[in-house]
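Participant: here is the input, now give the coordinates:
(2 chains)
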Amino acid sequence: MDGKEDLFERMAQAVIDGDREACVALAEEVIKRDVDPFEAIEQGFTRGMTTVGDKFATLEYYLPDVMRCAAAVDAGMGVLQPYILKQGERESAGTVVLGTIKGDLHDLGKNIVGTMLRAAGFEVHDLGCDTPLRTFIDKAGEVDADIIGVSAILTTTMAYMPDLLSLLDELGQRGRYRVMVGGAPVTPEYAAEIGADGYGETAADAVEMAKQLMQARRAEQ
Amino acid sequence: MISFWEVIGRSESGPLVDEEAFNWRISEVANQMVEKYDIVYDPEQVVPSDDDMADRLYQAGVDLFLELGVYCRDTGRLMTFTREEVDWALKHAPSSVIYGQGRDVRVMRNRGVEDPTPPFCNLTPVGTPVAEERFVPMVQSYAQEPLADTFSSAFSQTIHGRPIKADTPQEVEAAIWNVIKLREAARAAGRPQIGIHNLISNAEAADATLAAMQPSFGVQSNDGLCIAAIAELKVDYSRIKKVACLRQTGHHKYGLYGPLVGGYAGGVEATAVVHVAYHILGILILEAQWHCGFPLHIHHTCNTTRRLLWLCAATAQALSRNTHLLNTVNTFAAAGPCTEMVIYEVAANAVASTVSGANLDLVAVARNREPERATGMEGRVGAEAGHLTARQGLTRAEANEVVKRLLAEYEDQLPTAPKGKRFDECYDLETIQPMQEYLELYERCKERMTSFGLDYSLL
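Facilitator: Take a look at the predicted model:
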């Protein structure tokens, strides 16, 4: 039998290939060989998904490929999940409440971000599009979110982003969550101007920013 | 014949489909069509000259439309059509549209591949955000361009000092303000009756948009609105409400389609197939009189990359060779105003699209997202390049060489394109004329583009 490193390599490759069956089989092998599932996820599935993200950035992969790879990871994670729970609570990458803001029916960019965040180990609660401000806050409270991610593709809906921040302030909850913004009309300057905690121009940027926000959040705790 | 209300009925009676499953089907069917019809992107043939492939691409788009249908988000149902219905709609679609009144009348006509008739040029900042006080000067800079056949709007960041928010009473006020100010800009440009192809950029909601369509606000009977489809191949009732209204008021309406290369369809060939299909969605569901395509690169948010230029050219040829539809290409450039890059990008798309039979929408720059970064000068650059392509009678092969020379000037800078200068840095706000710096930059670029094969002495 080959070593652990080889197993991780095959897991990463199965993700890159979008091979759902292989991901499931390799996850089962992780359990059978009594390999630490956390390490297997980090070194196998997550590493594979990072490569998928890189390939998407250069358009070697397209959105359906990314979706296929993410679905393969989900299938493998389904096998590992009970063992993770058995070994004790793994520190999650973070919990994100994500949605396109009120009045805006565009969700493609938000969906890509959601897919990439999930693949990076975040727990994502996707509220869909046309989401009222209060729904973001209520959901964040319900799931004890770390991050609220808000997308807008219209300039008229982007204008609600500062309102979300001030509503959080008004409710005394601004410090409780990190707020990330993104979408076609949103610029880094705008994000800074309204006092958002993070901004991502691309889905990969958004994942990176979410990781940074989580690091900072944990450092504060 | 299929009536508008029968079409709408299909959104209530078609099969229920999960939206996620529909997204997956797009890629699957588009790629089947690419294979079946042997659609191949050749990076050296940025402007392809293959008539047979153009015709195959057209057939692939029609077949995809017939097989896939259109997803209605409000009902979660699939709207499907027969080949006879598609043929009927294509046969009866307009082949010309008249904009403007009095001496500002202009006629948009169907163009053929390598057509020596200059393209119809809609000049527009494509909703670029701008400060309220600079809204009129910015849009005037487009309306006053001699080659502008129509013009349209920027997006004012505030109205009476307050931000515009979707679905609020203020959005209605913003839409009305938008229309009034556009006509004011037309008058300031000395073209009081120039057509406005898209009256409202300040509002999206149907109630706000339609509230502003009043003659007392300066709306002419043949001004119009764009009605966008949702990526990919989806519609919703909010947009179709506008169709229901405009088909009774008689204002023009055009379909707006922005398929994403790298998105649900997949690669450039599959996205080209989907883009052709959008035009059929436009005539059947939106009753579009003409069609504005802005296919985009999913990461670079522009259509001046090599692949996107191919897509714009190939789909324009497919449509121009096989239909009499009025198809236009809306250039999206990565770089912003007063940069060499934006001049070469805009010219490249204008040449590729014009020689392929399209009319032109000019132009979104700085990836259409940087506030204050859009000027009439970019519209001039595209319109002049388009006119020269037609007037010189460039063939596709000749245009391909010109476009490849232009690409060589900027292709490697696309991921890091400069966002350029603000409107108030490019134009004198008193005279609304371009600053000397921009004029000189354009003159230098024109010299270079002359060496690539564009004969500016013909203007």
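
Participant: Provide the secondary structure category for the most centrally placed residue in chain A.
Facilitator: The geometric centre of chain A, computed from its C-alpha atoms, lies nearest to A:Leu117 (C-alpha atoms, centre = their mean), at 1.4 Å. With DSSP: H, G, I helix; E, B strand; the rest coil as the basis, A:Leu117 sits in helix.

Participant: my guess is B:His251 contacts B:Ser221. True?
Facilitator: Yes - at 7.1 Å, B:His251 and B:Ser221 qualify as touching, with contact defined as C-beta atoms under 8 Å. All C-beta spots, glycine's among them, are computed from the backbone N, C-alpha and C.

Participant: neighbour-wise, which of the two wins?
Facilitator: Higher neighbour count among B:His251 and B:Ser221: B:His251, with 20 against 10, using other C-beta atoms under 10 Å in any protein chain shown.

Participant: could you pull up the residues touching the more buried one?
Facilitator: B:213, B:219, B:221-225 (C-beta atoms under 8 Å, 6 or more residues apart in numbering or on different chains).

Participant: any chance of those in TSV, plus distance to A:Thr131, secondary structure and pLDDT?
Facilitator: Below are the contacts of B:His251 laid out as TSV (distance: C-beta to C-beta, whole Å; DSSP: H, G, I helix; E, B strand; the rest coil; pLDDT from 0 to 100):
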residue	distance to A:Thr131	secondary structure	pLDDT
B:Met213	29	coil	93
B:Val219	33	coil	96
B:Ser221	39	coil	95
B:Asn222	38	coil	96
B:Asp223	34	coil	97
B:Gly224	31	strand	95
B:Leu225	27	strand	95
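
Participant: list only buried entries from these.
Facilitator: Buried members of those, scored by 16 or more other C-beta atoms under 10 Å in any protein chain shown, are B:213, B:219, B:222-225.

Participant: same for chain A: which of those are within range?
Facilitator: Among these, no residue sits close to chain A (C-beta under 8 Å from any C-beta of the partner chain).

Participant: so which of those comes closest to chain A?
Facilitator: Here the nearest of those to chain A, counting by C-beta to the nearest C-beta, is B:Leu225; it sits at 15.7 Å.

Participant: first-to-last residue distance for stretch B:132-148?
Facilitator: One end of stretch B:132-148 to the other measures 23 Å (C-alpha to C-alpha, to the nearest Å).

Participant: contact partners for the closest residue to B:Arg73 other than its chain neighbours?
Facilitator: Nearest residue to B:Arg73, sequence neighbours excluded (C-beta to C-beta, 6 or more residues apart in numbering or on different chains): B:Asp236, at 4.3 Å. For B:Asp236, the contacting residues are A:105, B:72-74, B:230, by C-beta under 8 Å, 6+ apart.

Participant: show me what counts as buried in the longest helix along chain A.
Facilitator: Secondary structure of chain A per DSSP state H: the longest helix is helix A:63-86. Of the residues in helix A:63-86, A:63-73, A:75-77, A:79-80, A:83 count as buried by neighbour count, 16+ other C-beta under 10 Å.

Participant: so residue 207 is in which element?
Facilitator: Using chain A here. Take DSSP states H and E as the rule and A:Val207 turns out to sit in helix A:203-220.

Participant: my question was about chain B
Facilitator: Judged by DSSP H and E, B:Asp207 forms part of helix B:206-211.

Participant: also B:Gly112?
Facilitator: Here B:Gly112 is assigned to no helix or strand, by DSSP H and E.

Participant: quick one on the thing from earlier: show me what counts as buried in the helix holding A:Val207.
Facilitator: A:203-211, A:213-214.

Participant: tell me which two of the contacts of B:His251 sit farthest apart.
Facilitator: Spatially, the most separated pair among the contacts of B:His251 is B:Ser221 and B:Leu225, at 13.2 Å (C-beta to C-beta).

Participant: just the buried residues of the worst-scoring helix or strand of chain A on mean pLDDT, please?
Facilitator: None of the helices or strands of chain A scores lower by mean pLDDT, DSSP states H and E than helix A:108-119, at a mean of 82. Across helix A:108-119, burial judged by 16+ other C-beta under 10 Å covers A:108-119.

Participant: residues in contact with the closest residue to chain A within the stretch 201-350 of chain B?
Facilitator: In the stretch 201-350 of chain B, the residue that lies nearest chain A is B:Gly266 (4.3 Å; C-beta to the nearest C-beta). With contact taken as C-beta under 8 Å, 6+ apart, B:Gly266 is in contact with A:62-65, B:27, B:30-31.

Participant: how near is B:Ala30 to chain A?
Facilitator: 10 Å (C-beta to the nearest C-beta, to the nearest Å).

Participant: what count of nearby residues applies to that residue?
Facilitator: Neighbour tally, B:Ala30, other C-beta under 10 Å: 31.

Participant: what do you get for B:Thr249?
Facilitator: With other C-beta under 10 Å as criterion, B:Thr249 counts 14.

Participant: residues in contact with it?
Facilitator: If you count contacts by C-beta under 8 Å, 6+ apart, then B:Thr249 has B:Met213 around it.

Participant: and B:Ala143, by the same measure?
Facilitator: Counting by C-beta under 8 Å, 6+ apart, B:Ala143 makes contact with B:123, B:151, B:185-186, B:188-189, B:191, B:194, B:376.
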